[in-house]
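J.: turn this into a structure:
(2 chains)
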Amino acid sequence: MLELKNISKAFNHQPVLQDINVTIADHQTLAIVGPSGAGKTTLLRIIAGLTPADGGEFIWQGQPTTPQRLRKDGVIGVVFQGFELFPNMTVLKNITLAPTLQGVPEAEAQKRAQDLLVQLDLPDQAEAYPFSLSGGQKQRIAIARALALNPQILLYDEPTSALDPNLRHSVAKLVNRFKADGMTQVVVTHDMDFAQEVADTTFTVSKLGGDAQ
Amino acid sequence: MNYVLQILPALLAGLKMTLSVFFLTLIGSIPLGMLLSVGLMHQAKSWLGKLGNWLLTAYVWLFRGTPLLLQLIFVFYGLPLIGIVFDRFNAAIFAFILNYAAYFAEIFRGGFGAVEVGQFEAATVLNLTRWQTLRYVVIPQVLKIVLPSMGNEVINLVKDSSLVYVIGLGDLLRAGNVATSRDVTLIPLVLVGVIYLLMTAVLTWAQKKVEKSFSYYR
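T.: Modelled structure (predicted):
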């Protein structure tokens, strides 16, 4: 369980997040929703350790921690809105790069990547380059890349916004499948229907502090 | 034809000098330019880092802002006044490397700037170190971005190498000039022009080959 307590963030003295209190419960999916500019993505970036919070506490499994620490410990995986696959690498290399650099033997990393590709219905794309993939395929590769490091919490930034609207349901199915497998997930989205389809808890971000339902 | 064969050895000796300046400059200035660009992009917070940034910016301004010919003269004739003495060839290589590294640094800086921030962030969340991010993610993308501009500079370098005459080195153009003055004919200079064109044709072909080798991704 990851608890965020009194998280605040301002940009150029303009408060974006104030006293955010939210709990990311194990094996559940939390949807972070809210209007445009409310700070949903900022909150996700703070959890991912990409943007430092100005104040607040992070409690992981009962112990105080920092997002940077969580990232270094491999707790957090991130699927970016724009996927951010490495264009100069094949799909397989995108997935195996980080594990192999962190000491996983190449053969083992490749086996895990192939398994993930099968799970995500992309078994024939291992040698393809990202430019040749559709948006939906890129997203699944980005998910596989994050999962290859066995994170305990998977964060998604607007997973439906860069996709064809009719793919929304398949993304929801995927998120729900991971939840059934016991994955803890956080989904930032402006799409309320999608949030309802996947979330156990919805957290609405507003500048007044946020509200969990 | 006999005349061409007669002057060819002198031209080839000059060509050897031109090629030496060309290759040694590339070997020295490309890695130096890349290092400088990393330094130029580093957002220093300490006063020492800021001083470093300022010095690098001043260096690039100095070497891009003055003629290479002037730099050659200063290195060979000026530096001995403060006790730094180079022989002619080393002076030429030193000046060329410093000059071209300044241009390459700016080209690489543009290349690094063109890599999307998201790529750095993706590498961060995957726990890649700074060096691993550069080595596996950023530099391969930067090389693809900068290839056309690098190609231009490399072709310029072939022609700029003729400036070494100013410190008394005998390159291809000087060999042609000597023969033209001695024999009162333009044939040596025509030959020199043909040799430069052949060199740039080879380089253009090589550039296309290298660009093609990077075309496996977009």
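J.: tell me where chain B has strands.
T.: With DSSP state E as the criterion, chain B has no strands.
J.: kindly report the same for chain A.
T.: Counting by DSSP E, chain A has strands at residues A:2-11, A:14-24, A:29-33, A:55-60, A:63-65, A:76-79, A:153-157, A:184-188, A:201-204, A:211-212.
J.: contact partners for the residue nearest in space to the middle of chain A?
T.: The residue lying closest to the centre of chain A (CA atoms, centre = their mean) is residue A:155, at 1.7 Å. Applying CB atoms under 8 Å, 6 or more residues apart in numbering or on different chains, we find residue A:155 in contact with A:44, A:47-48, A:76-79, A:185-188. Every residue, glycine included, has its C-beta placed from N, CA and C.
J.: for the nearest residue to residue A:138 once chain neighbours are set aside, give me its contacts.
T.: Leaving aside its sequence neighbours, residue A:138 sits nearest to residue A:83 (CB to CB, 6 or more residues apart in numbering or on different chains; 4.6 Å). For residue A:83, the contact set (CB under 8 Å, 6+ apart) comprises A:130, A:138-139, A:141-142, A:162.
J.: could you dump the contacts of residue A:155 into CSV and include neighbour count?
T.: Converted to CSV, those look like this (neighbours: other CB atoms under 10 Å in any protein chain shown):
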residue, neighbour count
A:44, 23
A:47, 26
A:48, 23
A:76, 25
A:77, 25
A:78, 27
A:79, 25
A:185, 25
A:186, 26
A:187, 28
A:188, 26
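J.: for those residues, which one is nearest chain B?
T.: Distance to chain B across the contacts of residue A:155 (CB to the nearest CB) is lowest for residue A:78, with 4.4 Å.
J.: what about the residue nearest to that closest one when sequence neighbours are not counted, how many residues nearby?
T.: Closest residue to residue A:78 apart from its sequence neighbours, by CB to CB, 6+ apart: residue B:125 at 4.4 Å. The local packing of residue B:125 (other CB atoms under 10 Å in any protein chain shown) involves 24 other residues.
J.: and residue B:2, by the same measure?
T.: Residue B:2 has 5 neighbouring residues, counting by other CB under 10 Å.
J.: cool, residue A:164 as well?
T.: 11.
J.: thought it was touching residue A:136?
T.: Yes: between residue A:164 and residue A:136 there is a contact at 7.2 Å, judged by CB atoms under 8 Å.
J.: list the contacts of the residue nearest to residue A:78.
T.: A:48-50, A:71, A:76-78, A:146.
J.: and the strands of chain A, which one is worst for confidence?
T.: When these are ranked by mean pLDDT, strand A:211-212 comes last with a mean of 58.
J.: ok, so of the contacts of residue B:125, who is nearest residue B:64?
T.: residue A:50 (35.2 Å; CB to CB).
J.: residues near the closest one, how many?
T.: Applying other CB under 10 Å, we find 20 other residues in the vicinity of residue A:50.
J.: now do the helices in chain A.
T.: Along chain A, the stretches classed as helices by DSSP state H are A:40-48, A:67-72, A:91-101, A:106-119, A:135-147, A:168-180, A:192-198.
J.: in a markdown table, list the ones you listed along with mean pLDDT and distance to residue B:25.
T.: Formatted as a markdown table, the helices of chain A follow (pLDDT from 0 to 100; distance: least, CB to CB, whole Å):
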| stretch | mean pLDDT | distance to residue B:25 |
| --- | --- | --- |
| helix A:40-48 | 94 | 44 |
| helix A:67-72 | 91 | 43 |
| helix A:91-101 | 97 | 34 |
| helix A:106-119 | 95 | 39 |
| helix A:135-147 | 94 | 41 |
| helix A:168-180 | 91 | 53 |
| helix A:192-198 | 92 | 57 |
